[in-house]
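In: fold the stuff below for me.
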Amino acid sequence: MKLSNIALFFALVGVGAHAFADEADSTNATRQPPVENYAYGMKPDIQKVISITDTGNECGPVPAQMTYEDSEGKRHVMEYQVMGSGCSNG
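Out: Now for the predicted structure:
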C-alpha cells in the first residue's frame, strides 16, 4: 500500500514539474517583444537605447538589431541594415 502511494506521489510531482516548466518557457517567450523591421521614413519613438548587436567583421550590408524603450517605457526590438566594418579600402 505504501509503495503505491509513493509511486503515485512521484508521478504527480513529475507531471506538475513538467507543466510548470512549460509555463515558464511560454512566459519567457511572451516577454520578448517581436522584431520590427525598419523601413525608410519610419520615425520610431526611441527614448533609451538598451543594446545594439555587433555586426562583426563582415564586408557589405549586414542585419543589426537595436533594443530600445519608447517614451511610455515599452521595450521594442528593431532590425535594420548597416554596412559591415570588415571591408578594406586598400
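
In: now the helices for the protein?
Out: Listed in chain order, the helices of the chain (DSSP state H) span 2-31.

In: where does it dip in pLDDT?
Out: Applying pLDDT under 70 to the chain flags the ranges 1-30, 89-90.

In: domain ranges for it?
Out: 1-31, 35-90 (automatic domain parsing).

In: which residues sit in contact with Thr67?
Out: Taking Cβ atoms under 8 Å, 6 or more residues apart in numbering, we find Thr67 in contact with 49-52, 75-77. No exception for glycine: its C-beta is placed from N, CA and C like everyone else's.

In: likewise Tyr80?
Out: Tyr80 is in contact with 37-38, 63-66, counting by Cβ under 8 Å, 6+ apart.

In: closest to Ser85 among these?
Out: Distance to Ser85 across these (Cβ to Cβ) is lowest for Ala64, with 11.3 Å.
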